[in-house]
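Q: The following comprises the amino acid sequence and a computationally predicted model.
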Amino acid sequence: MILIKTFLLSVLVTFNATNNITPTVGPNNKETDEAFIPLNQYTLELYKELNDQHLSLEIFEIAVKGYSELSIKNKLKNKKFLTIVDMTLSANTERMFIIDMEKRILVEKKLVAHGMKTGEEFASDFSNEQSSLKSSLGFFITGELYNGRHDLSMKLDGQEYSNNNARSRGVVVHGADYVSHDYIKSNGRLGRSFGCPAIDKKGYEKTVNKLQGGSCYFIYYPSKTYLSRSRIVNSNKEFVLNQSGNVSFIE
């Protein structure tokens, strides 16, 4: 019984309906179990492939962990893209990173605004409260596209205590004239929003068209409160992934 129990505990449970590791075809056309590797190994290998000096490994590790957590719960309808907004960086730098998790490449880096009450050039204060005019932290899932006060915009659905009011607050991704390198040259820093992660209008439609419909969107800042309270950041699941980014975990 002990041996059986040990074996069962070592089974990798995937998020698909079969609950088995996806088989792959090996040499001589024979099916073999696809190789899964621990999350930290997968993350480090992918980080090296992305090869961008401005993308923090520490933040990337948290982002991939959250992506894995949301994937295993079948919450991501669009698993192709992972977006990371690093609010530790100056608003005058391209601090929004869009990663194609299938092709394993960094496809876009963009300027992104924070809320006017979150800070000047650098962000520091965050909130999930109505009318706070502040940005919210944590993991979001991108929603639908719609035409509103900022023309074409993309809804965001917060997945944590720190951002679960995003939809009711009207926190969305939209294009803005105050988000551009030209605006920085004229004003000394990027403009600020009412709490939305607003981005440059140049190439905007192409960006939101690929991110919309259920992709992982992560806004990070090293807030002690957020890092201590986030269930996703503090999850103890032992994730494993394969080269294609398919997620499993060890029970």
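A: Perfect, thanks for sending it.
Q: all strands of this protein, in order?
A: 12-14, 23-25, 31-33, 37-38, 81-86, 96-100, 105-110, 138-148, 151-158, 172-176, 199-200, 216-220, 238-241, 247-250 (DSSP state E).
Q: hey, which of these is tucked in deepest?
A: For those, average neighbour numbers computed from mean count of other CB atoms under 10 Å are highest in strand 216-220, which has a mean of 27. For every residue, glycine as well, the C-beta is placed using N, CA and C.
Q: how far off strand 172-176 does it point, in degrees?
A: 80 degrees (axes from the mean of the first three to the mean of the last three CA atoms, to 10 degrees).
Q: Okay, now the unreliable bits of this structure?
A: 1-34, 251 (pLDDT under 70).
Q: switch the cut-off to 80
A: 1-34, 243, 250-251 (pLDDT under 80).
Q: Quick check: residue 218 touching residue 83?
A: Yes. Using CB atoms under 8 Å, residue 218 is in contact with residue 83, at 6.7 Å.
Q: returning to that earlier point: just so I know, which of the strands of the chain lies nearest residue 191?
A: strand 172-176 (6.7 Å; CB to CB).
Q: which residues touch that closest one?
A: The contact list for strand 172-176 (CB atoms under 8 Å, 6 or more residues apart in numbering) reads 113, 142, 148, 150-156, 191, 193, 196-201, 204, 208, 211, 217.
Q: tell me how far it is from the chain's mean position?
A: Distance of strand 172-176 from the chain centroid (CA atoms, centre = their mean, to the nearest Å) equals 17 Å.
Q: just checking, what packs against the biggest helix by length in the chain?
A: Assignment by DSSP state H gives helix 57-72 as the longest helix of the chain. For helix 57-72, the contact count by 3 or more CB pairs under 8 Å, 6 or more residues apart in numbering; DSSP states H and E identifies helix 39-50, strand 81-86, strand 138-148, strand 216-220, strand 238-241, strand 247-250 as packing neighbours.
Q: I'd like these laid out as a markdown table, including distance to residue 109.
A: Formatted as a markdown table, the helices and strands packed on helix 57-72 follow (distance: least, CB to CB, whole Å):
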| stretch | distance to residue 109 |
| --- | --- |
| helix 39-50 | 11 |
| strand 81-86 | 10 |
| strand 138-148 | 18 |
| strand 216-220 | 15 |
| strand 238-241 | 24 |
| strand 247-250 | 25 |
